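Asker: One predicted model, sequence on top.
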Amino acid sequence: MSPRFEARFKACAAEGRAALVTFITAGDPDRETSLALLKALPAAGADIIELGVPFTDPMADGPAIQAAGLRALKAGQTLAKTIEMVREFRKDDATTPLVLMGYYNPVYIYGVDRFLKDAKEAGVDGLVVVDLPPEEDDELCLPALKAGLAFIRLATPTTDDKRLPAVLANTAGFVYYVSIAGITGAATPDADRVKQAVARIKRHTTLPVAVGFGVKTPAQAAEIAGGADGVVVGSALIDALRATLGEGDTATPATVPAVTALVGELAQAVRGARRAAAE
């Protein structure tokens, strides 16, 4: 496991709680606002950050994150600029684990070797590339591991015990359990089913398991936190951001505070979940 992932999950476990993993799209609604938000997330309560790389065909993402990607692309965001954002973030934060999440096409165009070198030097800890299955590990997963970057794999409700070992074979950092079948933010996860699924995955791996896709409210986050090592929230944060935008999808003084306020509520809920379950 990456040192930052290991240290963060260990610290959260010592506190008897799950980690809060927050997702935002790089460059949404513009680079300056996005960077300010990125820098503000840890103080607001984010334990781990997923930074989305905008892409024109985000097949796994729901309407909220698709729209965020389009806003970012319209504002000129690129993979190179996203890596530069990570470099800026690392000037003030050397401890928060940061994951780049996206699709293979921008990486392929950028050049795999160049991308891995630049991402590692900038301070990226891991990658989630949703359209590269285990059968394609030679493309990016194995080179990423060799470069010292965790390759975080998705497991879903349809990933059965026969398929799971292949999914977990080269996974590092943590396992991302997709709590619903479908796109991000489309439905609400069932906490009991999630708990059973996490337990099943843990029979196959010692890695932490974080749960995402569909967690929108502090109450839901607390529920999921009771049976997982991490809770991932993305679409709800994007919705909070979008609700503050002005004419032409421009940022307003309320944009960053609206998102960090919700992160604070989610963090409080996650931090209280395990303690409540134990009492």
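Answerer: All right, it came through fine. Numbering: from 1, shown residues only.

Asker: For the stretch 101-250 of the chain, which segments are assigned as helices?
Answerer: 104-110, 112-122, 141-146, 164-168, 191-202, 218-225, 235-242 (DSSP state H, counting those that start in this stretch).

Asker: Go ahead and flag the most central residue of the protein.
Answerer: Centroid-nearest residue in the chain, with C-alpha atoms, centre = their mean: Glu50, separated by 3.3 Å.

Asker: give me the number of residues near the nearest residue to that one once chain neighbours are set aside?
Answerer: Closest residue in space to Glu50, ignoring its immediate chain neighbours: Phe23 at 4.2 Å, by C-beta to C-beta, 6 or more residues apart in numbering. Every residue, glycine included, has its C-beta placed from N, CA and C. Per other C-beta atoms under 10 Å, the neighbour tally for Phe23 reads 25.

Asker: phi, psi of Phe23?
Answerer: With angles defined as degrees, to the nearest 10, Phe23 sits at phi -120, psi 130.

Asker: where in the stretch 1-150 of the chain is pLDDT low?
Answerer: 1 (pLDDT under 70).

Asker: So the residue nearest to the centre of the chain versus Thr217, what's the distance?
Answerer: Distance of Glu50 to Thr217, computed by C-beta to C-beta, to the nearest Å: 19 Å.

Asker: and what of Thr260?
Answerer: On the measure of C-beta to C-beta, Thr260 and Thr217 end up 16 Å apart.

Asker: Pick out whichever of those two has more residues nearby.
Answerer: Ranked by neighbour count (other C-beta under 10 Å), Thr260 and Thr217 place Thr260 first, with 21 against 15.

Asker: Report the secondary structure element holding that one.
Answerer: Element membership of Thr260, judged by DSSP states H and E, is helix 255-278.

Asker: Buried ones in that helix, by neighbour count?
Answerer: Going by neighbour count (16 or more other C-beta atoms under 10 Å), the buried part of helix 255-278 is 255-256, 258-260, 262-263, 265-267, 269-271, 273-274.

Asker: Which one of these is nearest to Ala243?
Answerer: Nearest to Ala243, judged by C-beta to C-beta, of the buried residues of helix 255-278 is Ala258 at 6.8 Å.

Asker: State the distance from that closest one to Glu84.
Answerer: With the distance defined as C-beta to C-beta, Ala258 ends up 25 Å from Glu84.
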